[in-house]
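Peer 1: Need a 3D model of the following:
(2 chains)
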Amino acid sequence: MELPSLSSPERLWWLVALLPVLYLLAQPPRPQKTLFTAHAAQWQRALQQLQRRPPRFRALRWLLLSLACIVLAVASAGPVQAGTAGVERVVFLVDGSMSMGARAGSGTTAFLRAVESVRALASRIPAHVEVETVVARSGSIERLGGPFARAWTNPGEPVGALPASLAELANACAREGTLVYVFGDGQPGRGAAPEGVRFVALGESAANAALVKVEVVDGWPLASLVVRATLRSFSDRPMRGTIAWRGSGTPASGSAASSEVALEPGASKTLEFSCERDVNGGSIQVQCALDGDALAADDVAEIVFGPLPRTQIAVQAEGDDATFAKAAGKALADAVGGTVVEAKPGMSVGFLLVDGGTGSLPKDPGPALTFGLARKESQPWPSPLIVDWDRSDPIFEGVDLSELEIAQGLAETLPAGRVLMTGQLPDGSSAPLCVLEDGARGRAVHFAFRLQDSNLGLLAAFPQILLRCFERTQLQGRSLAVRTQVTDPAESDLSKLSGGAAVQSAPVWSTPPRDLAAWFAIAALLLLALRSGLR
Amino acid sequence: MKRAIPASEPPFPVEFRTMLEQILRHAGRVQGARMQSLRTQRQALQQSGTFHGHRAYTQGDDLRRIDWNAYARTGSLFVKLLAEEEARAATVILDVSASMGVGTPSRWVSSQRLAAILCGLSLVHLDAVALVADGVTSYAGRRSVGLALDRIEALRLLEGVREAELPTRGSPGRVHWISDFVDPEVTERTLHRMRRIGMRVTGWVAAIADDFAIEAGGWRMLCDPETGREQPVRVDAELAAAMTRELQVLQRQQEQAFARTGFVLQRVSLPTDSFEAGKWMEAAWSFRR
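Peer 2: As a prediction, this is how the structure comes out:
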């Protein structure tokens, strides 16, 4: 029989403190008061009458007291009878990937069967065995413990692909004394089940087709949108059905909102849908419905986009020499699908293009592009030499401005902002030639020279710079996202799922360690009771 | 380590000596009539004295004193010599065993003072007194009262000496035996022996509180000063009551031992808080007997 172990053995030091107490208790009583008497014989007779014997050291009484003290000290040290070896922790690792949600011939999903199995198994596990339920879904691993793991009242839905293979997850959960149940659908390629892990396959093979790829050609800031969806069959028989496009967009001419589709076994087909999207933003859903498709989650994709910028472009140029500005405004309107309007005070437009002139823009004017807007304190800057430009900013990224020549610039005319281009002043110092000013309504790009005073409008990069300035000054730029549950096409392959594996026989559970402190305390009390009966 | 009895107060302070003088003066008038009656009685009972020996008959001797039995055995005439009925000297035996030191205030101090009074009275009214303690010292005359007090004050208790081992010798006649008489059997044997040699004994016990009752008070270390034995005892009410009964039995045994030998035991409680002669005379009225 294995001796009990102590959970707090340091408390045995109490015995050291008890030693002097036991020594003192072993001594006969030494009263402090002395009674000198001439009647010793009378005292003895009185004691005999009362059958009182003089106190004396009784080895057995002392031994019982010592034993009781020792047993009490051991009781305080937390004696524990070790339990028997066996399973002391059970981990239910459940595959929460999308394929677990496939509805095959039985009408239920493998995930629901896994939930029922976990609840049934957990109800049979002894209370002292620790239970943990781990659900691996797309991008998350959910861990439940204690009574929550046993009840698992809110299992959720299977989503996406596994963050790691089940074998790796099972290995991470396994340790000595732990039994790991892995509930999956038997999808191949999930890694070999490690030793000591009970793999329970609950899947059923079924036909399936999935939108395995969705591509978007965005015409931003124009409204044109082209969606290409690739539909793939994971079935050994032909599949037929429809694919539908709906949402915040108007189908372009020649593009139908719904079309028939037929897929050969294992074949892929790419379908294209063109539309004019809603300028206020929205989404377009793509959904296919094929006969015999067991998994609906991979048949849907959604393209979410933001609002288009306002494309009213106001052009303000100085005098009659505004050829470049007007040409630039028209070119920009053509590029972004907008219109050129005449700038008027107090007018609200989507983009303001200014070339030359004197004055200042109102504070936070919104998206704007100015060339050589002079202020009162502006100083002429003859033939500024370009020192450098910011190649990291999207406006000048990949743009060659080495051939830019400026005949006349303005010093001290730019507002504070991020410097995108610097030039050399006549005194040899440098000053900004172009800055980006942030604002609550939009950004503004300011150049320190007029278009007609430079050859910028003649450079090949000018249209690109112009379009980038338009994009850069918009607060809400290009935003588009494709949402689909299909991150791994293999997840949609339900043709080789396996199932029907029964849970093996119940394991040998460990017995919990037994706390013996109460028994030791009772033993100490019994010893003390026995001692009190001895004289 | 053997426990020592706490030191007691000096037995004869100035106040006591002053008071003793008053007692001796006052007691003289009382004792005078008594002594006159004793002389008359002595003359009347001259024929009935205690046999002391024989001497050859000479002419003129009282014929009533001839021992005719001796004449019948020997054929010669002998006259019986009889001791005087009332000797003109007294003996004071003071127990100096260690057990006399118990009590608060100590029995020993009370016994010393009692011995001083008895010696003083004897020196005032008789011819001499013999003080028997650790030895025998004789004093004669009233002027010896101071010497007797000094001797009594100088006495010390003998540790480890039992009462039975103390000397109780003396001359035939009046004997005052001051002791605690803790062993009545030994006391009775000694009294028989003393009676056989013609002593007329009066026993004196200077009573202390512990002679009558014991107070309950938890654990006490009992210590016998004669043997030095110690014993822890839990003195509860039950034991205190039993002990009180034992003390009453002891007192009866002491009185019976004296009664069986024809003697008297006087148990006196001397005042401890005052040296007023009136109180002492009242407490010790038996001195006059």
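
Peer 1: Need the three-state assignment for the closest residue to A:Gly281 other than its chain neighbours.
Peer 2: Leaving aside its sequence neighbours, A:Gly281 sits nearest to A:Pro307 (Cβ to Cβ, 6 or more residues apart in numbering or on different chains; 4.0 Å). Just so you know, the C-beta spots here come from the backbone N, C-alpha and C atoms, and that holds for glycine as well. Under DSSP: H, G, I helix; E, B strand; the rest coil, the three-state class of A:Pro307 is coil.

Peer 1: Double-check A:Pro307 against A:Gln476; I have them as touching.
Peer 2: Yes - applying Cβ atoms under 8 Å as the test, A:Pro307 and A:Gln476 come out as touching, 6.3 Å apart.

Peer 1: what residues does the stretch 101-250 of chain B put near chain A?
Peer 2: Proximity of the stretch 101-250 of chain B to chain A is confined to B:101-102, B:107, B:180, B:182-183, B:210, B:217-227, B:229, B:231-235, B:238-239, B:242-243, B:245-247, B:249-250 under the rule Cβ under 8 Å from any Cβ of the partner chain.

Peer 1: Tell me the buried residues within those.
Peer 2: Burial by neighbour count, judged by 16 or more other Cβ atoms under 10 Å in any protein chain shown, picks out B:101-102, B:107, B:180, B:182-183, B:210, B:220-226, B:231, B:233, B:235, B:239, B:242-243, B:246-247, B:250 from those.

Peer 1: Strands - which of those residues land there?
Peer 2: Under the assignment DSSP state E, these contribute B:Arg220, B:Met221, B:Leu222, B:Cys223, B:Gln231, B:Val233, B:Val235 to strands.

Peer 1: Mind putting the residues you listed into a markdown table with pLDDT?
Peer 2: Formatted as a markdown table, these follow (pLDDT from 0 to 100):
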| residue | pLDDT |
| --- | --- |
| B:Arg220 | 89 |
| B:Met221 | 89 |
| B:Leu222 | 89 |
| B:Cys223 | 90 |
| B:Gln231 | 87 |
| B:Val233 | 90 |
| B:Val235 | 91 |
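
Peer 1: Identify the farthest-apart pair in those residues.
Peer 2: For those, the farthest-apart pair by Cβ to Cβ is B:Cys223 and B:Val235; their separation is 13.4 Å.

Peer 1: Can you check which residues contact both of the two?
Peer 2: Residues touching both B:Cys223 and B:Val235 (Cβ atoms under 8 Å, 6 or more residues apart in numbering or on different chains): A:Leu35.

Peer 1: What strand or helix carries the closest residue to A:Pro463 other than its chain neighbours?
Peer 2: Closest residue to A:Pro463 apart from its sequence neighbours, by Cβ to Cβ, 6+ apart: A:Ala331 at 5.9 Å. Here A:Ala331 sits within helix A:323-336, counting by DSSP states H and E.

Peer 1: Run the chain-centre distance for that helix.
Peer 2: 45 Å (Cα atoms, centre = their mean, to the nearest Å).

Peer 1: returning to what we had before: state the number of residues packed around the residue nearest to A:Pro463.
Peer 2: Neighbours of A:Ala331 under the rule other Cβ atoms under 10 Å in any protein chain shown: 16.

Peer 1: Run a quick check on it versus A:Ile465, I expect a contact.
Peer 2: No - applying Cβ under 8 Å as the test, A:Ala331 and A:Ile465 come out as separate, 11.2 Å apart.

Peer 1: Assess the claim that B:Pro105 and B:Glu9 are in contact.
Peer 2: Yes - the criterion here is Cβ under 8 Å, and B:Pro105 meets it with B:Glu9 at 7.0 Å.

Peer 1: which one of these two has more residues nearby?
Peer 2: Remark: of B:Pro105 and B:Glu9, B:Pro105 carries more neighbours, 15 against 9, as counted by other Cβ under 10 Å.

Peer 1: Phi, psi for that one please.
Peer 2: Main-chain torsions, B:Pro105, degrees, to the nearest 10: phi -70, psi 160.

Peer 1: What count of nearby residues applies to the residue found closest to it once you drop the neighbours it is linked to in the chain?
Peer 2: What sits nearest to B:Pro105 in space, not counting adjacent residues and going by Cβ to Cβ, 6+ apart, is B:Thr272, at 4.9 Å. Under the neighbour criterion other Cβ under 10 Å, B:Thr272 is assigned a count of 14.

Peer 1: ok, and the closest non-adjacent residue to the residue positioned nearest the centre of chain B?
Peer 2: Note on chain B: the residue nearest the mean C-alpha position is B:Trp177, at 1.8 Å, using Cα atoms, centre = their mean. In space, B:Trp177 comes closest to B:Ile93 once its chain neighbours are excluded; the distance is 4.5 Å by Cβ to Cβ, 6+ apart.

Peer 1: quick one: the residue nearest to A:Gly281 and A:Gly477, what's the gap?
Peer 2: Taking Cβ to Cβ, to the nearest Å as the measure, A:Pro307 falls 11 Å from A:Gly477.

Peer 1: Tell me the pLDDT of the residue located most distally from the centre of chain B.
Peer 2: Relative to the centre of chain B, and counting by Cα atoms, centre = their mean, the farthest-placed residue is B:Gly75 at 44.4 Å. pLDDT recorded at B:Gly75 is 87.

Peer 1: Quickly note the distance from it to A:Pro365.
Peer 2: 181 Å.

Peer 1: residues in contact with residue 111?
Peer 2: Here I'm looking at chain A. A:Phe111 touches A:Val94, A:Asp95, A:Gly96, A:Met100, A:Gly101, A:Pro155, A:Glu157, A:Pro158, counting by Cβ under 8 Å, 6+ apart.

Peer 1: wait, I meant chain B there
Peer 2: B:Leu94, B:Asp95, B:Met100, B:Ile178, B:Ser179, B:Trp204, B:Ala206.
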